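Participant: return a 3D structure for these sequence lines:
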Amino acid sequence: MATGWRLIGIVVLLALIWHVGAGDVFRVVLGVDPLSLASGAVLTMGVLFLRSWRWRILCGGFNINLSVGDAIRLYLLGTFVSSIAPGRAGDFAKAYYLRERQPEAGLAVGIATVAYDRLLDLGQISALALGAIVVVPWVPEKIGPPLVFFGLTGFVISTVWRPVREGLMARPLNWVLRRLPGEDGPPPPAPQTANVLGAQALTLASLIGLAGVSVVLSRGLSISTPVWRLAVLAAVGALVSLIPVTTLGIGTRDALYVSAASLLGTSPATMLGLSLLILSMYVLKSIMGWVTWALSPARDRRPPEL
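Facilitator: Now for the predicted structure:
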C-alpha cells in the first residue's frame, strides 16, 4: 500500500509533465541560472543546519546531550530514510538512532523529541499557509503580508505559554507514547519554555530560509512574482509535502505549483520547472543522507526496529 502511494505521486508528476509539455518543462529546468541554483543549494544546507540545531535544543529539553555534529548526522540519516521509505519513517529512524547512541534516553523520549520537532514545523507552516489563504485574497496587498506575519508571531508566542504547550502538544503525545511496546515508564515531561522558545526561533529562521530557496530559484527562472507571494506558495508547498502520502512531496507539490501558475502570472511549464528544481534540493539532502549512512558505524546502518 505504501509503495502504491509513492507510485501515485510519480504518476501524477509524469501526467503533469505530459499535460504541460515535456519539452517546455525541460527547457525551463535546463535554462535556470547556475548561480541561482547554487544559491538554492547553499540555502538548503543552511535550513538543514538550522533544523538539526533545533532538534539538538529540543533534545536538551529532555536532558539529552547531543553534539551539533551528531544532530546533523542523525538528521541526515532520517532524511535518507524518508526518501526511500513511506510516510514519516525518517522521523522514527532519528528516534531509533538516537536511542542507539544514548540507550538511557529510551525510545519514548527519542520519539518525543522528534514529535516536538515535527509539530513545530507543522504548526508554523500551517499558521503561515492557512493565514495567507484566508487573509491575502480579502485584504489589500499592502496589508495582507503584515497581518500574516503578526498572526504567525502570535502563534509562536502562544506555543511558548505552558498551558498551550502542555495541552496541545504534551498530553496527546504522551497518550501515544504510553502505548509503545516496551515503554512502561512515566511519559517524558514537556520541554522547558527556554528550549521551546529557542526551537521556535530556529523554526522561523528555517522557514525564512525555505522561502528563500523558492525565491532564488524562481529568480533563476526569471519569475518576477513579488517575494511575499512566492514565500506564501513555498509555505503551502511545504505543508502539502508534509502529508505522508508521497515521497519528498512528489506529485502533490507539483500539482500545487502548476495550479498556482495563473495566480502568479506565469506559465504552468515554468511553475512545474520550479517545483522540479525544489525537488532537486530535497534530492540533494537525500544524497547527503545516503553518504552519511554509508560512512556511518555499523550500528547506524541497521534497519530501525522497536
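
Participant: all contacts plus neighbour counts: C-alpha atoms, from now on.
Facilitator: Will do.

Participant: quick one: the helices in this structure?
Facilitator: Using DSSP state H, the helices of the chain run over residues 2-20, 22-30, 34-61, 68-84, 89-101, 106-135, 144-160, 162-165, 171-177, 193-220, 227-241, 252-259, 261-264, 268-294.

Participant: make TSV out of these and add mean pLDDT and mean neighbour count.
Facilitator: Conversion of these to TSV gives the following (pLDDT from 0 to 100; neighbours: other C-alpha atoms under 10 Å):
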stretch	mean pLDDT	mean neighbour count
helix 2-20	79	16
helix 22-30	92	16
helix 34-61	91	21
helix 68-84	84	22
helix 89-101	76	22
helix 106-135	71	21
helix 144-160	55	16
helix 162-165	52	14
helix 171-177	54	15
helix 193-220	84	21
helix 227-241	79	21
helix 252-259	89	22
helix 261-264	83	14
helix 268-294	90	21
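
Participant: got the contact list for S262?
Facilitator: Applying C-alpha atoms under 8 Å, 6 or more residues apart in numbering, we find S262 in contact with P268.

Participant: quick check: it vs N63, distance?
Facilitator: Separation of S262 from N63 (C-alpha to C-alpha, to the nearest Å): 50 Å.

Participant: then V25?
Facilitator: 49 Å.

Participant: and what of S218?
Facilitator: Between S218 and N63 the distance is 42 Å, computed by C-alpha to C-alpha.

Participant: with F49 instead?
Facilitator: According to C-alpha to C-alpha, F49 and N63 sit 21 Å apart.

Participant: same thing with F92?
Facilitator: Taking C-alpha to C-alpha, one finds F92 at 19 Å from N63.

Participant: try L35
Facilitator: Using C-alpha to C-alpha, L35 is found at 42 Å from N63.

Participant: return stretch 76-84 as PDB; C-alpha atoms alone will do.
Facilitator: Provided in PDB are the C-alpha atoms of stretch 76-84 (Å, rounded to 0.1, in the frame of the first residue of the first chain):
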ATOM      1  CA  LEU A  76      20.700  13.400   7.500                       C
ATOM      2  CA  LEU A  77      20.200   9.700   8.300                       C
ATOM      3  CA  GLY A  78      16.500  10.500   8.800                       C
ATOM      4  CA  THR A  79      16.300  12.400   5.600                       C
ATOM      5  CA  PHE A  80      17.800   9.500   3.700                       C
ATOM      6  CA  VAL A  81      15.300   7.000   5.300                       C
ATOM      7  CA  SER A  82      12.400   9.400   4.400                       C
ATOM      8  CA  SER A  83      13.500   9.400   0.800                       C
ATOM      9  CA  ILE A  84      13.300   5.600   0.500                       C
END
